[in-house]
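>>> coords please:
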Amino acid sequence: MKDGVNGVALGVFIFFFLAVTVMGFLAARWRRAADEHTLDEWGLGGRSFGTWVTWFLLGGDLYTAYTFVAVPAAVYAAGAAGFFAVPYTILVYPLIFTFLPRLWSVSHRHGYVTTSDFVRGRFGSKGLSLAVAVTGILATMPYIALQLVGIQAVLDVMGVGGGASSNWFVKDLPLLIAFGVLAAYTYSSGLRAPALIAFVKDTLIYIVIAVAIIYIPIKLGGFDEIFKAAGAKYTAAGAGGLVPAQAGQWTYATLALGSALALFMYPHSVTATLSGRSREVIRRNTTILPLYSLMLGLLALLGFMAIAAGVKVTNGQLAIPQLFEDMFPDWFAGVAFAAIGIGALVPAAIMSIAAANLFTRNIYKDFINPAATPRQETRVSKLVSLLVKVGALVFVLTMDKTVAINFQLLGGIWILQTFPSLVGGLFTRWFHRWALLAGWAVGMLYGTIAAYGVASPTQKHFGGSSKEIPGIGEIGYIGLTAFVLNAAVAVVLTFALRALKAPDGVDETSPGDYTADAGDPGVETELPPATADASH
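Residues are numbered from 1 along each chain as shown. As a prediction, this is how the structure comes out:
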């Protein structure tokens, strides 16, 4: 590790950071609408983005700074088991091809801004809608915190922030500045800011990975030497070499499947989806998003390279930033650090907007001020987006980083429990609203208690997301086990409640809503000329 501040890398990092900051504020003028004071405009970019804007936005949303840091860090620490993220991002795209276009259509037809809006409209239940909204907010908060952890990891390696200074303000000042800039341009420009910055973020990441996958192996003697060094490390550690032991195969498979089911349940994934201008835009994106999986597979290989390069860190999250500083010239290390830093800003902005929209539409408007005007909704959502980011910042500055990681793992378990209500509701009205609520409660309760009982070498509780599957005896992903219990309860209780003729909620949707496209009768699609998308 280099001593002191890496001035060249820091200079390059600051240049890109200032560039995207300017872009973030200018985004308020991009596709400016006649009435900016609505959630459709501030929170969904006017629902006007075409194929490529949506692709970059979804990519910036799903492939975050934490992905950039944590996936290869998992490979660095645990070997091939860390590659679970690659199959799950392959599994997810055929899955979302079946339901995302339906969600876009019904949301566009009825003006839904959040998944909870759809659940309330489909099942006529504010209680179920509230459960989905609260789950979404709880699952998103630690996810935002981890983006700030990613920025902090880069700042640590460059020698600024998070150091040994006894003055907490001086130590965390760079992170506070990054937070302040993020908060300001998100408040000003809404979803347009991350949509515009996502172009820079993804371009930088692709450049860095393309260079890393060629340049670093050349310096290390080729992939033969890299895999040999990694295999030796895992064998010495008793991990059985590069391939996971048979006992870990259930964990690997269930974690990949459960993560695939959960990914597009996150509010920020849906927010980016609903910003698309047509059903066809969403269908196209489900076919071209797998390009990011190719990038992710190459990214994971950096974990093996860190081992071969002799990177030694006490915090595994620093392994890849440290690899970049050790292997790249200082100026290109700055480019790589900028890719990670900007890769944190884009998803953090989208996540805070998504969480704020959930609060505004499904808590504030449904339970506090039902008569809220569109202008009031937008103002509340802007303020809540700031509060969400402040909460994430406090989380990062006051708690151990492993706590943030563990809460994010818990968030994945939680958000998966909204799958029956959302995806089930997109295809059938058979489920009873009370049965779905009971299933959600069972899944949440089991998942939380099971995760609480998982210990690790460093902590007694919430030490991981895998535990023995009841009745099978294999170690598997807690979230998937909770989901199975959730679905079973929902099915059984629906039969019982249907037999008892329990009152059903009013479904405000109709079959044609789920296949409607922009331009169809009843769908508002006339946009001002300024919103036209040249990429469509």
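>>> any weak-confidence spans in the stretch 151-300 of the chain?
Flagging of the stretch 151-300 of the chain using pLDDT under 70 yields the residue ranges 161-171, 238-245.
>>> which residues in it form strands?
Counting by DSSP state E, counting those that start in this stretch, one finds no strands in the stretch 151-300 of the chain.
>>> what's the answer for the stretch 401-536 of the chain, then?
Under DSSP E, counting those that start in this stretch, the stretch 401-536 of the chain gives strands at 466-468, 475-477.
>>> who's in contact with residue 257?
88, 91, 477, 480 (C-beta atoms under 8 Å, 6 or more residues apart in numbering). (C-beta placed from N, C-alpha, C; glycine too.)
>>> the same query, at a cut-off of 10 Å, please.
Each residue near residue 257 by C-beta atoms under 10 Å, 6 or more residues apart in numbering is listed here: 84, 87, 88, 91, 92, 476, 477, 479, 480, 483.
>>> hang on, the earlier thing: could you export the strands of the stretch 401-536 of the chain as CSV, including mean neighbour count, mean pLDDT and distance to residue 208?
Output for the strands of the stretch 401-536 of the chain, formatted as CSV (neighbours: other C-beta atoms under 10 Å; pLDDT from 0 to 100; distance: least, C-beta to C-beta, whole Å):
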stretch, mean neighbour count, mean pLDDT, distance to residue 208
strand 466-468, 19, 89, 31
strand 475-477, 23, 92, 30
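>>> make CSV out of these and add distance to residue 365.
Formatted as CSV, the strands of the stretch 401-536 of the chain follow (distance: least, C-beta to C-beta, whole Å):
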stretch, distance to residue 365
strand 466-468, 38
strand 475-477, 35
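>>> what number of residues lie near residue 441?
14 (other C-beta atoms under 10 Å).
>>> try residue 510
11.
>>> pLDDT score for it?
In this model, residue 510 is scored at 94, pLDDT.
>>> before we move on, what about residue 400?
Residue 400 is given a pLDDT of 67.
>>> tell me, what residue is most central in this structure?
residue 62 (4.8 Å; C-alpha atoms, centre = their mean).
>>> how about it, phi and psi?
With angles defined as degrees, to the nearest 10, residue 62 sits at phi -90, psi -30.
>>> so who does it touch?
Contacts of residue 62 by C-beta under 10 Å, 6+ apart are 89, 92, 263-264, 266, 268-269, 272, 289, 292, 296, 347, 350.
>>> go with 8 Å
Counted by C-beta under 8 Å, 6+ apart, residue 62 has contacts 89, 263, 269, 289, 292, 347.
>>> and for residue 57?
49, 191, 194, 195, 198, 272, 275, 350.
>>> from residue 304, how far out is residue 422?
Residue 422 sits 37 Å away from residue 304, taking C-beta to C-beta, to the nearest Å as the criterion.
>>> oh, I was asking about residue 410
Residue 410 is 29 Å from residue 304, by C-beta to C-beta.
>>> between these two, which is the more surrounded one?
Higher neighbour count among residue 410 and residue 304: residue 304, with 26 against 21, using other C-beta under 10 Å.
>>> now for residue 369: which residues touch it?
Contacts of residue 369 (C-beta under 8 Å, 6+ apart): residue 376.
>>> shift numbering so it begins at 4
With 4 as the first residue, the last one maps to residue 372.
>>> is it true that residue 41 touches residue 375?
No. In this structure, residue 41 is not within contact of residue 375 by C-beta atoms under 8 Å, at 11.7 Å.
>>> can you say which of the strands of the stretch 404-539 of the chain is nearest to residue 212?
Comparison of the strands of the stretch 404-539 of the chain against residue 212 by C-beta to C-beta identifies strand 478-480 as nearest, at 27.5 Å.
>>> and the closest one, what other elements does it pack with?
On a contact count with 3 or more C-beta pairs under 8 Å, 6 or more residues apart in numbering; DSSP states H and E, strand 478-480 meets helix 252-266, strand 469-471.
>>> need the winner for burial among those.
helix 252-266 (a mean of 21; mean count of other C-beta atoms under 10 Å).
>>> please state the offset of it from the chain centre?
16 Å (C-alpha atoms, centre = their mean, to the nearest Å).
>>> excluding chain neighbours, what is closest to residue 215?
In space, and not counting its chain neighbours, residue 215 is closest to residue 305: 6.3 Å by C-beta to C-beta, 6 or more residues apart in numbering.
>>> ok, residue 470 - contacts?
Contacts of residue 470 by C-beta under 8 Å, 6+ apart are 453, 454, 456, 457, 478, 479, 481, 484.
>>> one step back: now render the helices and strands packed on strand 478-480 as JSON lines, adding distance to residue 238.
Listed next are those as JSON lines, based on distance: least, C-beta to C-beta, whole Å:
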{"stretch": "helix 252-266", "distance to residue 238": "19"}
{"stretch": "strand 469-471", "distance to residue 238": "23"}
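>>> so which of these comes closest to residue 124?
helix 252-266 (22.8 Å).
>>> with just CA atoms, put that closest one into PDB.
Extracted C-alpha coordinates of helix 252-266, given in PDB (Å, rounded to 0.1, in the frame of the first residue of the first chain):
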ATOM      1  CA  GLN A 252     -23.700 -26.300  -3.600                       C
ATOM      2  CA  TRP A 253     -27.200 -25.900  -2.100                       C
ATOM      3  CA  THR A 254     -26.100 -22.600  -0.600                       C
ATOM      4  CA  TYR A 255     -24.800 -21.400  -4.000                       C
ATOM      5  CA  ALA A 256     -27.900 -22.500  -6.000                       C
ATOM      6  CA  THR A 257     -30.500 -21.200  -3.600                       C
ATOM      7  CA  LEU A 258     -28.600 -17.900  -3.100                       C
ATOM      8  CA  ALA A 259     -28.500 -17.400  -6.900                       C
ATOM      9  CA  LEU A 260     -32.200 -18.300  -7.400                       C
ATOM     10  CA  GLY A 261     -33.400 -16.300  -4.400                       C
ATOM     11  CA  SER A 262     -31.300 -13.300  -5.500                       C
ATOM     12  CA  ALA A 263     -32.700 -13.500  -9.000                       C
ATOM     13  CA  LEU A 264     -36.300 -13.500  -7.700                       C
ATOM     14  CA  ALA A 265     -35.600 -10.500  -5.400                       C
ATOM     15  CA  LEU A 266     -33.600  -8.200  -7.800                       C
END
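>>> per-residue pLDDT, the closest residue to residue 273 other than its chain neighbours?
Closest residue to residue 273 apart from its sequence neighbours, by C-beta to C-beta, 6+ apart: residue 118 at 5.3 Å. According to the prediction, residue 118 has pLDDT 96.
>>> residue 118 - how many residues pack around it?
Around residue 118 there are 31 residues (other C-beta under 10 Å).
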